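Participant: Got a predicted structure plus its sequence, pasted below:
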Amino acid sequence: GNSVTQMEGPVTLSEEAFLTINCTYTATGYPSLFWYVQYPGEGLQLLLKATKADDKGSNKGFEATYRKETTSFHLEKGSVQVSDSAVYFCALRGSGGSNYKLTFGKGTLLTVNP
Amino acid sequence: GAGVSQSPSNKVTEKGKDVELRCDPISGHTALYWYRQRLGQGLEFLIYFQGNSAPDKSGLPSDRFSAERTGESVSTLTIQRTQQEDSAVYLCASSLSSTGGTNEQFFGPGTRLTVL
């Protein structure tokens, strides 16, 4: 079945540091890939997505590139802010018959200190 | 407009009791999903409703779990004879449809269930 493995946290950075959260996946066919973010006290929100190989998703300074050859979708940001402190989830949606289900990683807690 | 809402936000119950969790999807969204997030784990798919089609119940962990949805509106997730391992955050999501470009899932804030 489909699975997502992402970097275990917690990750603690200083403001303006570079962020990478690794995510790799196992899936058949051509899944769509997502990063979701959960800010403290809020619901899960879609941060960015990519639907085919070599696509780059981007939003709010975050980027992730769909790499089929390495089955990866690593999240990056060049300069993090305190307001980026949140839990980040990597997820995929399969391309087969049950392509409405999202399969999530365990989440990575990011704390950014001033 | 209003997002997905869930109630209650927190529920504490005793082992063996039944609980009912409610989800109000975004108006006009035909697809509705329930997920569960146990401590330190990712979200697990539980059940999916799409319009009047038969729901996909493949993620329900046991027959103590059931869910209903009336048309394209409110859904309830019921857990009978709760066990401590049922303690988790239960998340509901909805989307305009389940395929194509309109299938982005919008999540509610979740219900935190604690079984003592």
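Facilitator: Now that the structure is in, tell me what you want to look at.
Participant: Compute the number of surrounding residues for residue 86.
Facilitator: With no chain named, the answer covers chain A. Per other Cβ atoms under 10 Å in any protein chain shown, the neighbour tally for A:A86 reads 20. Where C-beta positions appear, they are placed from N, C-alpha and C, glycine not excepted.
Participant: Chain B, not that one
Facilitator: B:D86 has 21 nearby residues by other Cβ under 10 Å.
Participant: My guess is it contacts B:T78. True?
Facilitator: No. Between B:D86 and B:T78 there is no contact under Cβ atoms under 8 Å: 11.5 Å.
Participant: wait, is A:S83 part of a strand?
Facilitator: No. A:S83: not assigned to a strand; according to DSSP: H, G, I helix; E, B strand; the rest coil it is helix.
Participant: so how far is A:K77 from it?
Facilitator: A:S83 sits at a distance of 12 Å from A:K77 (criterion: Cβ to Cβ, to the nearest Å).
Participant: before we move on, what about B:E72?
Facilitator: 37 Å.
Participant: So which of A:S83 and A:K77 has more stuff around it?
Facilitator: A:K77 (21 against 10).
Participant: In the sheet, which residues pair with that one? Tell me.
Facilitator: A:L19, A:F62 (DSSP bridges).
Participant: Which parts of chain B are strands?
Facilitator: Per DSSP state E, chain B carries strands over the ranges B:5-7, B:10-13, B:19-24, B:31-37, B:43-50, B:65-69, B:75-79, B:88-95, B:106-107, B:111-115.
Participant: And the ones you listed: which comes nearest A:F62?
Facilitator: strand B:106-107 (18.1 Å; Cβ to Cβ).
Participant: how far does the closest one sit from the chain's center?
Facilitator: Taking Cα atoms, centre = their mean, to the nearest Å, one finds strand B:106-107 lying 11 Å from the centre of the chain it belongs to.
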